[in-house]
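Participant: How does the following fold in three dimensions:
(one chain, ligands or ions: 1)
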Amino acid sequence: MPKRRITKKERERMEQIIDALNKEYRMEYKCFLNYETPWQLLIATILSAQCTDERVNIVTKDLFQKYRSIEDFANANQIELEKDIHSTGFYKNKAKNIIACAKSLCEDYHGEVPREIEQLTKLAGVGRKTANVIRGNIYHEPSIVVDTHVKRISKKLGFTKQDDPEKIEYDLMELLPKEQWILYNIQIITLGRSICTARSPKCRECFLKDLCKSAELGNP
Ligand code: SF4
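Facilitator: Predicted coordinates:
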């Protein structure tokens, strides 16, 4: 992918935004999905497509009691699994992918979740977003997760002009310091849920209003 030219001014503004995010939200690592093992996080993340983390956490509370190992998912009855995950939406595809993914983990990786992005993205139902969630949370590898909040707010902040999540990921990797990659996602989700919501961003209350390109353009 061709490299984007980043000006000194853009870099300085980015640094000010990162400082403001770190000050406001501190630099604590957390995951919004509940899990106890790497494979549980993988399944929770597959379920989180087009679904809120809150709903996924409700569903996985019972799901991980019923299916207690990755082998249990590999051997699951698809129709039954569809019922178990129904409320997360797209349940037919998700059930099919979870079973296929669990089978690959058992057959090819001795039940472990692989670390490399190339291996992760070959698993059924696993795209770059899910792979980066695993790399960041399980292996603490610098990674940028482009979810709906990161996509929307990174554009508002002027960090990217792209719509495609993979292109946004590359833009952010070029712009942001590596040590901020995992934190950026956590902080932007927090901002997107509270102040910069999709429906009505509260720019006047926002601690980034003096630095944000969209606020400068006069959004309420
Ligand atoms: S200033 Fe407005 S658009 Fe910019 S991040 Fe804050 S709430 Fe979002």
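Participant: what helices or strands is the lowest-mean-pLDDT helix or strand in the chain leaning on?
Facilitator: Least confident element among the helices and strands of the chain, by mean pLDDT, DSSP states H and E: helix 213-216 (a mean of 78). In terms of contact count using 3 or more Cβ pairs under 8 Å, 6 or more residues apart in numbering; DSSP states H and E, helix 213-216 is assigned no packing partners among helices or strands. All C-beta spots, glycine's among them, are computed from the backbone N, C-alpha and C.
Participant: Just the CA trace of that helix, in PDB.
Facilitator: Written as PDB, here are the backbone C-alpha positions of helix 213-216 (Å, rounded to 0.1, in the frame of the first residue of the first chain):
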ATOM      1  CA  LYS A 213     -11.300  18.900  12.400                       C
ATOM      2  CA  SER A 214     -15.000  18.200  12.500                       C
ATOM      3  CA  ALA A 215     -15.500  20.500  15.500                       C
ATOM      4  CA  GLU A 216     -13.600  23.200  13.600                       C
END
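Participant: does it come close to the ligand?
Facilitator: Yes. Residues of helix 213-216 are located near the ligand by Cβ under 6 Å from any ligand atom, namely 214-215.
Participant: Show me which residues of stretch 27-42 are buried.
Facilitator: Residues of stretch 27-42 classed as buried: 31-33, 35, 38-42 (neighbour count, 16 or more other Cβ atoms under 10 Å).
Participant: doesn't Pro142 make contact with Lys178?
Facilitator: Yes. Contact status for Lys178 versus Pro142: in contact at 4.6 Å, counting by Cβ atoms under 8 Å.
Participant: So for the two, which sits in the more crowded spot?
Facilitator: More crowded of Lys178 and Pro142, by other Cβ atoms under 10 Å: Pro142, with 16 against 10.
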